[in-house]
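A.B. asks: let's see this in three dimensions:
(chains A and B)
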Amino acid sequence: AQSVTQLDSHVSVSEGTPVLLRCNYSSSYSPSLFWYVQHPNKGLQLLLKYTSAATLVKGINGFEAEFKKSETSFHLTKPSAHMSDAAEYFCVVNNNNDMRFGAGTRLTVKP
Amino acid sequence: NAGVTQTPKFQVLKTGQSMTLQCAQDMNHEYMSWYRQDPGMGLRLIHYSVGAGITDQGEVPNGYNVSRSTTEDFPLRLLSAAPSQTSVYFCASSYRGADTDTQYFGPGTRLTVL
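C.D. replies: Next up, the predicted model:
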């Protein structure tokens, strides 16, 4: 079975500083990997996805993630945090419609 | 397009009651799925469907039934509600499978079972 581990349950940054949300995955196959964001009391929105093309994936709102097969990681980064980035972020691994979510990382952005 | 809609938004049930959570999409998506979200556990896949008449189990299917008679609708039925089913339920859809396609999520249904 495949699984996802988000290494931090909570990350706090100051506005304008870099964001790093860490994700490791486990899969027997070549998976597809996603990052979704959930703002309070909202549904989920796709930030970006990796589907075996370029290993550096750019998403919406300035986020990007790099797929590193040797490290089984798919960390999410953003050069400069904005107050509107405060939300919960989920890393997802998917193979043959078997989607597994990480437990989530809550991002707090301080003024 | 309305996207993915879910009804009701909130529901309180007593143990043993049954109910159906409704999900509809107007994007002509083939793939639809149901998740539950519990604190500290992310989302877990309950059931999914790759097209009308086809359904399959996800990670946590016990206690739930689904059917897919049309492309647009994918209801989730709780047969005999239990307190362990207290959760927030999300429906999602995508053009084809979830492997490569973006999934579009509904706003969620918050269910409490007493």
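
A.B. asks: spatially nearest residue to the most centrally placed residue in chain A (excluding sequence neighbours)?
C.D. replies: A centroid search over chain A (C-alpha atoms, centre = their mean) returns residue A:35, at 3.8 Å, as the residue closest to the centre. The spatial neighbour of residue A:35 that comes closest, neighbours along the chain excluded (C-beta to C-beta, 6 or more residues apart in numbering or on different chains), is residue A:47 at 4.3 Å. Heads up, the C-betas are built off the backbone N, CA and C, glycines and all.

A.B. asks: name the element the one you found belongs to?
C.D. replies: Assigned by DSSP states H and E, residue A:47 belongs to strand A:44-50.

A.B. asks: quick revisit: you'd agree the residue nearest to the centre of chain A is up against residue A:58?
C.D. replies: No: if you go by C-beta atoms under 8 Å, residue A:35 and residue A:58 don't touch, sitting 11.5 Å apart.

A.B. asks: overlap in contacts of the two?
C.D. replies: Overlap between the neighbourhoods of residue A:35 and residue A:58 consists of residue A:48, taking contacts as C-beta atoms under 8 Å, 6 or more residues apart in numbering or on different chains.

A.B. asks: so does the host helix or strand of residue B:65 get close to chain A?
C.D. replies: In the assignment (DSSP H and E), residue B:65 maps to strand B:64-66. No: contact between strand B:64-66 and chain A is absent, the nearest approach being 14.0 Å (criterion: C-beta under 8 Å from any C-beta of the partner chain).

A.B. asks: hey, where'd the helices end up in chain B?
C.D. replies: Assignment of helices within chain B using DSSP state H yields no ranges at all.

A.B. asks: following the strand ranked longest in chain A, which helix or strand shows up next?
C.D. replies: In chain A, taking DSSP state E as the definition, the longest strand is strand A:87-95. Using DSSP H and E, the helix or strand that follows strand A:87-95 towards the C-terminus is strand A:98-101.

A.B. asks: show the average pLDDT along that next one.
C.D. replies: Averaged across strand A:98-101, pLDDT comes to 85.

A.B. asks: that one near chain B at all?
C.D. replies: Yes: using C-beta under 8 Å from any C-beta as the criterion, contacts between strand A:98-101 and chain B involve A:98-101.

A.B. asks: who wins on neighbours among the residues you listed?
C.D. replies: Neighbours here are counted as other C-beta atoms under 10 Å in any protein chain shown. On that basis the top member of these is residue A:99, with 26 neighbours.
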